[in-house]
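Visitor: Next come a sequence and a model predicted from it.
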Amino acid sequence: MRYSRRYIIFTGILILAFVLKVSYVSDTYGRVEQFRGAQLEENVFYPLKAASINQENSLTAVVDQTPYTNAFDHLTLNSMMVVMGDEYFMGDVLGMSVIEDAEGKISVQRGDLKGTFFEGETEGNFAGEVVTLTAAPFMQNNKCYLPIPDFCTMFGYEFSWDGENYIVTVQSPEEEQDTLPSVYDLRDIDRVSEVRDQGSSSTCWAQAAVGAIESKPSAA
């Protein structure tokens, strides 16, 4: 009888320890996904999946019901599966002006809406207000990549992501919008040098040449 009681107590302790262990594991590793048959944590799974999709050029895009066949040349997934687009996609496809300077400052504009962001930082300014991006802009292969979902929201586009088939879908705003701003001054985005006073030297040609050389070519 004495041994039976010990056995029951010991069994109860084992069951309690097992339940506590399962609860701890569930809390610690609760957010997992399946990738090729393996259960992985999100911060492990997402980088692996993103790298696989990028390597296999599996990304496709549909913009205004039109398939964009070479999307993989201008789209990529970051390590947390956020869809990023380069200057060409943001500019030629979505009609935004994207300019980055040597210090990592990124100016994005469409019509009269514009924002300022910085490479490697999620916080920026859009339409005079502080905004936080879901992913920081970054440089890859000499191209600046921006988080498409955020900029679609800011500029009034509809964005959706099919994570099963790796398809990006973007729909332009229903209301007609001007893609060109009503006022555009290169001095506001540091693309030209200061105006010079040549005085009485009669060297307008030299002043113009120096100003052109000092001016920075547009990135988009």
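Guide: Good, I have the coordinates.

Visitor: List the residues that contact the residue nearest the centre of the chain.
Guide: The centre of the chain sits closest to Pro147, judged by C-alpha atoms, centre = their mean, with a distance of 1.8 Å. If a contact means C-beta atoms under 8 Å, 6 or more residues apart in numbering, then Pro147 has Asn78, Val82, Val83, Met84, Leu133, Thr134, Ala135, Pro137 as its contacts. The way it works is simple: take the backbone N, C-alpha and C, and place the C-beta from them, glycine included.

Visitor: same deal with Val210?
Guide: Contacts of Val210 (C-beta under 8 Å, 6+ apart): Ser193, Arg196.

Visitor: Now tabulate the contacts of Pro147 in a markdown table and tack on neighbour count and secondary structure.
Guide: What follows is the contacts of Pro147, written out as a markdown table (neighbours: other C-beta atoms under 10 Å; DSSP: H, G, I helix; E, B strand; the rest coil):
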| residue | neighbour count | secondary structure |
| --- | --- | --- |
| Asn78 | 19 | coil |
| Val82 | 20 | coil |
| Val83 | 24 | strand |
| Met84 | 23 | strand |
| Leu133 | 20 | coil |
| Thr134 | 12 | coil |
| Ala135 | 20 | coil |
| Pro137 | 24 | coil |
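
Visitor: got TSV for those, with distance to Thr60 and pLDDT too?
Guide: Formatted as TSV, the contacts of Pro147 follow (distance: C-beta to C-beta, whole Å; pLDDT from 0 to 100):
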residue	distance to Thr60	pLDDT
Asn78	18	94
Val82	17	95
Val83	11	95
Met84	15	96
Leu133	24	97
Thr134	21	96
Ala135	20	96
Pro137	23	97
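
Visitor: Pick out whichever of the residues you listed sits closest to Ile167.
Guide: Comparing the contacts of Pro147 against Ile167 with C-beta to C-beta places Val83 closest, at 10.1 Å.

Visitor: Tell me, how many residues neighbour the residue nearest to Pro181 when sequence neighbours are not counted?
Guide: Spatial nearest neighbour of Pro181, chain neighbours left out: Asp112 (5.2 Å); criterion: C-beta to C-beta, 6 or more residues apart in numbering. Other residues within reach of Asp112, judged by other C-beta atoms under 10 Å, total 13.

Visitor: ok, Asp112 to Phe72 distance?
Guide: 33 Å (C-beta to C-beta, to the nearest Å).

Visitor: what bridges to the residue nearest to the centre of the chain?
Guide: Met84 (DSSP bridges).

Visitor: What pLDDT does the model give Thr179?
Guide: Listed pLDDT for Thr179 reads 68.

Visitor: again, but for Phe117
Guide: 97.

Visitor: again with Asn125
Guide: For Asn125, pLDDT reads 96.
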